[in-house]
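Novice: I would like to see how this sequence folds:
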Amino acid sequence: MLLLMRKIINSSGPAAIIILLVAVLCSVQSFLLDAGNTGNAYTHYNNYVIFKTSFFNLVQQKDLYQLYPQLQWDLYKYSPTFALFFGLFAWLPNVVGLILWNLLNAGVLVWAIRALPALSDKKKAFILLYVLVELVGSLQNSQSNALMAGLMIGAFAMAEKQRFIFALVLVICSVYIKLFGLAGFAIFIFYPQKLKNAIACIVITAVFFILPLAVVPFKQLLFLYKSWGGLLRQDNDASLGLSIFGWLQTWFKLAVPRVRVLAAGLLVYFIPFARFSLYKNIAFRYCILASTLLWVIVFNHKSESPTFIIAVAGVAIWFCNSKRRLVDVALLVAVFIFTMLSPTDIFPHFVKDRFFVPYVVKAVPCIVVWFAISYRLIVSPKTYLPAN
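Specialist: Here you go, the predicted structure:
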């Protein structure tokens with residue numbers, strides 16, 4: 001872990017250094033806020049506690065997917081493999097583990113963006129600084145969303161460099177954290193060695209599946225996967241989240257069945273893949289990456305504020321890989337103001353409570369950007385994409 005951080009720092013510019021320092025400050029802030037907290041049973045870094053507890057529950061052969069109110073608020077919703085992985089942090093004092101966990105999230109995102117090919121250092125610095133506000137929100141909640149963004153972007157960067165096994169490992173890691181990481185496999189359509197990659201994917205997935213056997217018997221592992229599946233089915237409730245589902249209902253009073261909206265969204269998402277002649281245009285591939293990062297959030301009924309680091313990273317990548325027009329600048333600014341700044345204290349509470357929250361304003365600019373990307377890639381991509 002420390003070697004990874006050292007490598008990232010040595011290879012990063014000022015923007016990346018700022019982000020890593022912010023990760024440390026967010027961690028210390030959360031820990032110090034909790035130090036003065038005497039009226040609440042739960043910490044300001046509850047998500048970290050959930051992850052940490054999951055490791056001890058795993059080795060003690062408990063059900064990971066039950067509520068443990070004496071220890072944490074909310075359920076653990078990730079895979080048994082992720083619980084095993086968190087053993088890297090679980091044995092550490094909370095303040096140390098929390099700092100390293102947030103550094104991992106920020107560091108992987110920094111590494112992934114710095115690894116993107118055919119982008120100038122100036123554009124990479126822009127992406128890193130643009131996502132900073134949203135990253136702070138994710139880190140303050142000790143969430144895994146920055147790590148998810150880094151894994152998905154890093155997989156694209158490695159695939160572009162023909163390092164397919166590494167790219168597959170990154171995508172599969174994301175899937176074992178959150179299932180929407182499955183969308184990351186779409187990028188492999190652009191590259192050769194599809195059969196070889198498919199076989200490697202099956203093998204790596206199987207290895208990740210059985211890793212918890214290091215600490216639990218096979219019967220217990222099967223029980224945990226079954227329990228996880230049950231939790232995910234129950235989790236698919238009436239929640240609309242900061243998503244296109246919430247937007248349709250609150251803005252237009254449309255209660256469209258979720259399956260139909262998802263099917264329509266998938267259809268629109270995949271139509272640009274029929275543009276085979278553009279596969280060699282890296283700007284096209286970047287726009288597909290941006291579309292993917294946006295899609296997994298705006299079509300996720302469980303999207304919440306800290307998850308938008310993934311979507312905002314997609315917006316920044318799209319902006320750096322399209323012909324810049326006035327409307328694009330306007331969309332970029334709208335995302336910054338209404339997606340990133342809307343939850344902050346820049347806006348009065350009555351505006352947030354009466355307008356931003358009930359009308360899922362945070363999600364709307366990202367929804368518009370996703371539709372704009374999809375429209376351009378379907379209707380007239382050559383008009384909007386720079387040539388190689």
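Novice: shaky segments in the stretch 51-200 of the chain?
Specialist: By pLDDT under 70, the stretch 51-200 of the chain has no low-scoring segment.
Novice: now with 90?
Specialist: Along the stretch 51-200 of the chain, the model assigns pLDDT under 90 to residues 67-74.
Novice: got the contact list for residue 151?
Specialist: 108, 112, 170, 171, 173, 174, 177, 181, 184 (C-beta atoms under 8 Å, 6 or more residues apart in numbering). Where you see a C-beta, it was placed from the backbone N, CA and C, and this is true even at glycine.
Novice: how much space between it and residue 375?
Specialist: For residue 151, the distance to residue 375 (C-beta to C-beta, to the nearest Å) stands at 28 Å.
Novice: in the stretch 251-388 of the chain, which spans are helices?
Specialist: Remark: helices assigned in the stretch 251-388 of the chain by DSSP state H, counting those that start in this stretch are 258-270, 282-298, 308-319, 326-334, 349-351, 364-379, 381-384.
Novice: check contacts around residue 165.
Specialist: By C-beta under 8 Å, 6+ apart, the residues touching residue 165 are 200, 204.
Novice: mind telling me what element it is part of?
Specialist: Using DSSP states H and E, residue 165 maps to helix 164-175.
Novice: just the closest of the contacts of residue 151 to residue 326, please.
Specialist: Checking these against residue 326 by C-beta to C-beta gives residue 112 as the nearest, at 29.8 Å.
Novice: quick check: that closest one touching residue 147?
Specialist: No: look at residue 112 against residue 147 with C-beta atoms under 8 Å: they stay out of range, at 9.8 Å.
Novice: which one of the contacts of residue 151 sits in the busiest neighbourhood?
Specialist: When neighbours are counted by other C-beta atoms under 10 Å, residue 184 leads the contacts of residue 151 with 28 neighbours.
Novice: can you give me the distance of it to residue 55?
Specialist: 25 Å.
Novice: same question for residue 299.
Specialist: Distance from residue 299 to residue 55, by C-beta to C-beta: 31 Å.
Novice: now do residue 99
Specialist: Note on residue 99: its distance to residue 55, by C-beta to C-beta, is 18 Å.
Novice: now do residue 316
Specialist: Distance, residue 316 to residue 55, using C-beta to C-beta: 33 Å.
Novice: more neighbours: which of those two?
Specialist: More neighbours surround residue 316 than the other of residue 316 and residue 55, with 24 against 21 (other C-beta under 10 Å).
Novice: so how far is residue 342 from residue 243?
Specialist: Residue 243 is 15 Å from residue 342, by C-beta to C-beta.
Novice: same check on residue 173?
Specialist: Counting by C-beta to C-beta, the gap from residue 173 to residue 342 is 31 Å.
Novice: and for the residue lying closest to residue 343 once chain neighbours are set aside, the neighbour number?
Specialist: Nearest residue to residue 343, sequence neighbours excluded (C-beta to C-beta, 6 or more residues apart in numbering): residue 305, at 5.3 Å. Applying other C-beta under 10 Å, we find 20 residues neighbouring residue 305.
Novice: for residue 305, which residues are in contact?
Specialist: 137, 242, 343, 362.
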